[in-house]
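S.K.: could you look at this predicted model? Sequence included:
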Amino acid sequence: MSNERQESKKKREGAKQLAKAFKKMDKPMSKGGTGGTFTAAATKAGHEDSPEGRKAYADKVLADDSASPKMKKKANFYKNVISK
């Protein structure tokens, strides 16, 4: 194969990959994330499935020294952002 053909083949492959990437961008991103996990944890812990119950659970988690850092972040986020 000549150098021109190899370069042409590389450019074509690059263009195909770029087109594939743009095609993926056309689709909406999936929501994913941790939506609902704090509410589920509060309900499982016996708190009422209401804003007041979740706020009480957030207070309890923030006061608990043995609570995981991740759950403390969720509780803090709930208190400061969601419950307002």
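M.R.: Nice, thanks for sending it over.

S.K.: now the element after the helix or strand that Lys23 is a member of, going C-ward?
M.R.: According to DSSP states H and E, Lys23 maps onto helix 3-26. Next along the chain after helix 3-26, taking DSSP H and E as the criterion, comes helix 37-44.

S.K.: the closest residue to Tyr78 other than its chain neighbours: how many residues sit nearby?
M.R.: Closest residue to Tyr78 apart from its sequence neighbours, by CB to CB, 6 or more residues apart in numbering: Ala58 at 4.8 Å. Placement of C-beta: from N, CA and C, glycine included. Ala58: 24 surrounding residues under other CB atoms under 10 Å.

S.K.: separation between Ala58 and Asp65?
M.R.: Counting by CB to CB, to the nearest Å, the gap from Ala58 to Asp65 is 15 Å.

S.K.: swap in Ser2?
M.R.: 71 Å.

S.K.: quick one, phi/psi of Phe77?
M.R.: Phe77 has phi and psi values of phi -60, psi -40 when expressed as degrees, to the nearest 10.

S.K.: now it: how far from Ala15?
M.R.: 43 Å.

S.K.: and for Gly35?
M.R.: 38 Å.

S.K.: got the domain ranges for this protein?
M.R.: The record's domain split for the chain, according to automatic domain parsing, is 1-30, 37-82.
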